[in-house]
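A.B. asks: This is the structure alone, sequence omitted:
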């Protein structure tokens, strides 16, 4: 593995990136606002599991494909953006379920499945791993490079998920006071939908 100094720098840098509000944290918070804290936690779990696709891809060197074939990056990016916009519109069209509604298990499962798809369809995660992790890889270490990629990528994924859970808890604390009326619930659904649509538009328009 890399030296202790390099690992300390890696953990510190990762923590800074993780706890800066980003698309994944905002997505999980939006799910919390629209569907409740349990759905937000399931969304964070889905993002976490989807992140392992990119960790494995980075370890296998597959993410280099996005650098070599720009069209592949653009296609995946636009597909992910369209999916986010579709999810946001779906929340706008959803009906409020009444005062103090219980979050159905189906909603949590749906948030979980959707979140995996959102993360897998996010090519910027793959690019981030390929750009960030090599700075902390030691080619002369006892562990092979692919294993260092996998271990460091797993640490990054775990720290980002921790930050997402913090975002869910903060959003959950807020909705505990707001979800006392049908009107407040409707406003939260629209707020969550607006965040998802905004994220989709941002992803689509953002340059590589």
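C.D. replies: Looks like it came in fine. Predicted, not measured: the structure shown is a model, and the values here were computed from it. Numbering: from 1, shown residues only.
A.B. asks: C-alpha only now, for contacts and for neighbours.
C.D. replies: OK.
A.B. asks: Pull out the buried positions in the host helix or strand of residue 17.
C.D. replies: When elements are assigned from DSSP states H and E, residue 17 belongs to helix 4-19. Buried residues in helix 4-19, counted by 16 or more other C-alpha atoms under 10 Å: 10, 14, 15, 18, 19.
A.B. asks: So for it, mean pLDDT?
C.D. replies: Throughout helix 4-19, pLDDT has a mean value of 82.
A.B. asks: For that helix, which helices and strands make contact with it?
C.D. replies: Judged by 3 or more C-alpha pairs under 8 Å, 6 or more residues apart in numbering; DSSP states H and E, helix 4-19 is in contact with helix 145-178.
A.B. asks: got the buried residues for the helix it packs on?
C.D. replies: So, applying 16+ other C-alpha under 10 Å, buried residues of helix 145-178: 145, 148-150, 152-169, 171-172, 175, 178.
A.B. asks: now do stretch 127-145
C.D. replies: Applying 16+ other C-alpha under 10 Å to stretch 127-145 flags 127, 129, 130, 133, 136, 137, 138, 145 as buried.
A.B. asks: quick one: least confident helix or strand in the chain?
C.D. replies: helix 64-68 (a mean of 62; mean pLDDT, DSSP states H and E).
A.B. asks: now the farthest one out in this structure, which residue is it?
C.D. replies: Residue farthest from the centre of the chain, counting by C-alpha atoms, centre = their mean, is residue 140 at 32.6 Å.
A.B. asks: Check that one and give its pLDDT.
C.D. replies: Listed pLDDT for residue 140 reads 72.
A.B. asks: What of the one 3 residues further on?
C.D. replies: In the predicted model, residue 143 carries a pLDDT score of 81.
A.B. asks: Ok, residue 164 next?
C.D. replies: Value for residue 164, per-residue pLDDT: 93.
A.B. asks: now swap in the one 3 residues further on and tell me
C.D. replies: On pLDDT, residue 167 comes in at 89.
A.B. asks: same deal with residue 189?
C.D. replies: 67.
A.B. asks: now do residue 47
C.D. replies: Confidence score, pLDDT, at residue 47: 94.
A.B. asks: Tell me if I'm right that it and residue 113 touch.
C.D. replies: No. Residue 47 lies out of contact with residue 113 (C-alpha atoms under 8 Å); the separation is 9.2 Å.
A.B. asks: who's more crowded, these two?
C.D. replies: Taking neighbours as other C-alpha atoms under 10 Å, residue 47 and residue 113 compare with residue 47 leading, 29 against 16.
A.B. asks: Thank you, goodbye.
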